[in-house]
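**Student:** coords below, sequence missing:
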C-alpha cells in the first residue's frame, strides 16, 4: 500500500468524496493553506483559531475525527489497485492540469508515470488507439474494468484511468473536441510519410478534422486515408449538395450557404475556407508553392497560403508542410513573421533543372533574373496581396495585427502557448 503523508491524508479527507462528508468547492477555497501539497497540517489549536463560522468549524472537526473510517477507505481502494497521485510527486500533463483545475491529486488505476507524458482522452475507443493514454473516467470504474481491451492496456502499462472523484457518476457531458483544419494544394496526388505520421498522431489524440471537399489534391488524398483508417471525427465542408469525394457514414457534412448572389465561385470557396478556419483550433497546411498553369503563367497556390494567413491572423498555430528543393519540409508557425521567414527562404532555394526550365517558360518572365528570385518574388507578392485582403475581411489593420501578436507572445497568454506547443504532438 502506498505510504501517504499526513498532509496528503488531510487533503484527501477534506476535499475528496471518499468520506460521506467533505468540504464544498467554495469551502475549499477558504482553506487553501490546508488543502494544497505545500500547505500545513490543521491542528486542534489551529482549528480553534480559524476565522470562520462555528458551523464550518464543526464540519471540519467532524471530518477530521473520521480518521479510522478514512484509513479503512484507503485500504479498500488500495485492494482495488487504485492509487491517489499528487501533482507535486508526479508531474501532470498540461491537459490533465486543465481537467483538475485547483485540485492537486487524482484517483488513478494504472502506471503512474503515464500521467507525466501521456495524452488525455475522454472517449474509451480513442484511448485504446494510443500507447500512452490518460483516460478521464466518465463512468463508474467497473464500466471500464468490464472491458477486456481496457484491462489489457492497463496491464501492459499503456493506459491509466484517472478521475478527480472516487465515486464517478455516469456523465454524458464531454468537453468540446478540438479541431484541426487540413488544407493543401490541388497539385498533390500523394502525401509523404511525415504527413501521414502527423495524421496518425491527430487520430491518436482524438482531435476533430475539418476538411474541404475538393475532388483532387490534398482534400481527396486525405479523405481516402481517413476513410481507410475508419476515423469518425471528420467534418467535411462543401458548397454543394454532395461532397466531391466518397464520405464515411460516420462523418459530418457542413453545407456552406453563401448569401450574396453576385459573388464568384472562387469567393464562395474562400468564404467556406474562412468558416472552416473559424471553427478550428489549429491548422495543418500542405503547400506546393508555385506551378505553371495551363495558360502558361506562374501560379502560386493561393488557397493554401490564404488559409494559413487567415489562421495566423486569428492567432491559431499552423503546422506548415511545404515543397522546398524537391522535398517536403515542415515548420510550426505561430505568427505571420514565421510564415514570412519560410517564404524568404525560397530566394536561396536550389531549384531542379526541370523547375527552373518551367519558370523560364512562363509568360512575362525575365531570363536575366535567377529563377529562384523570380519564384521568391511571386510568392512574397501573392502573400502581401492575400494578407491585405484578409485583414480587410477580418477588420484588422497592420497595427492591430502586430499588437495582438505581441500580446500572444507574452507569458500572460498560457492558453495560446499551449496551442502552439500542441503542434509538436502532431
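**Tutor:** Alright, I've got the coordinates. Computed from a predicted model, the values in this text were never measured in an experiment.
**Student:** pLDDT weak spots in the stretch 251-400 of the chain?
**Tutor:** Applying pLDDT under 70 to the stretch 251-400 of the chain flags residues 259-261, 396-400.
**Student:** which stretches of it form helices?
**Tutor:** Here the stretch 251-400 of the chain has its helices, by DSSP state H, counting those that start in this stretch, at 265-279, 302-313, 336-345, 353-361, 371-393, 398-408.
**Student:** other SSEs contacting the shortest one?
**Tutor:** Under the contact definition 3 or more CB pairs under 8 Å, 6 or more residues apart in numbering; DSSP states H and E, helix 353-361 sits against strand 290-292, helix 371-393. From N, CA and C alone the C-beta is placed, and that goes for glycine too.
**Student:** 7 Å instead?
**Tutor:** helix 371-393 (3 or more CB pairs under 7 Å, 6 or more residues apart in numbering; DSSP states H and E).
**Student:** just the buried positions in the helix it packs on, please.
**Tutor:** Residues of helix 371-393 classed as buried by neighbour count (16 or more other CB atoms under 10 Å): 371-372, 374-376, 378-380, 382-383, 386-387, 390-391.
**Student:** residue 290 and residue 370, how far apart?
**Tutor:** Distance from residue 290 to residue 370, counting by CB to CB, to the nearest Å: 14 Å.
**Student:** more neighbours, these two?
**Tutor:** Set residue 290 next to residue 370 and count neighbours by other CB atoms under 10 Å: residue 290 wins out with 24 against 13.
**Student:** wait, doesn't the more buried one sit right on residue 298?
**Tutor:** Yes: Residue 290 is within contact range of residue 298, at 5.7 Å (criterion: CB atoms under 7 Å).
**Student:** shared neighbours, these two?
**Tutor:** residue 378 (CB atoms under 7 Å, 6 or more residues apart in numbering).
**Student:** the closest residue to residue 18 other than its chain neighbours: neighbour count?
**Tutor:** In space, and not counting its chain neighbours, residue 18 is closest to residue 73: 4.7 Å by CB to CB, 6 or more residues apart in numbering. Residue crowding around residue 73 was assessed by other CB under 10 Å; the count is 17.
**Student:** let's number from 32 now, not from 1
**Tutor:** Renumbered: residue one is now 32, and that last one reads residue 104.
**Student:** any figure for the gap between residue 104 and residue 131?
**Tutor:** Going from residue 104 to residue 131 by CB to CB gives 21 Å.
**Student:** how about residue 368?
**Tutor:** 35 Å.
**Student:** who has more neighbours, these two?
**Tutor:** Higher neighbour count among residue 368 and residue 131: residue 131, with 16 against 11, using other CB under 10 Å.
**Student:** which secondary structure elements does the helix or strand where residue 139 lies sit against?
**Tutor:** Following DSSP states H and E, one finds residue 139 within strand 136-140. The contact analysis (3+ CB pairs under 7 Å, 6+ apart) places strand 136-140 against strand 114-117, strand 190-194.
**Student:** for residue 273, what are phi and psi?
**Tutor:** The phi/psi pair for residue 273 (degrees, to the nearest 10) reads phi -130, psi 140.
**Student:** tell me, how many residues neighbour it?
**Tutor:** Look at residue 273: counted by other CB under 10 Å, it has 10 neighbours.
**Student:** next: residue 319.
**Tutor:** Here the number of neighbours of residue 319 (other CB under 10 Å) works out to 19.
**Student:** mind listing what the closest residue to it other than its chain neighbours touches?
**Tutor:** Distances taken as CB to CB, 6+ apart place residue 216 nearest to residue 319, at 3.9 Å, with adjacent residues excluded. Contacts for residue 216 (CB under 7 Å, 6+ apart) come out as 248-249, 317-319, 332, 335.
**Student:** farthest pair within the residues you listed?
**Tutor:** Largest separation among the contacts of residue 216 by CB to CB: 248 and 318, giving 11.5 Å.
**Student:** look at the two and report which has more neighbours.
**Tutor:** Between residue 248 and residue 318, counting by other CB under 10 Å, residue 318 is the more crowded of the two (27 against 21).
**Student:** relative to residue 116, how far out is that one?
**Tutor:** Distance from residue 318 to residue 116, by CB to CB: 43 Å.
**Student:** how's this structure carved up into domains?
**Tutor:** The record's domain parsing of the chain by automatic domain parsing lists 37-194, 210-456.
**Student:** span of the shortest one from start to end?
**Tutor:** Same thing as domain 37-194. Criterion CA to CA, to the nearest Å; first-to-last residue distance in domain 37-194 is 22 Å.
**Student:** what sits closest to residue 171 if chain neighbours are left out?
**Tutor:** Closest to residue 171 by CB to CB, 6+ apart is residue 199, at 5.4 Å.
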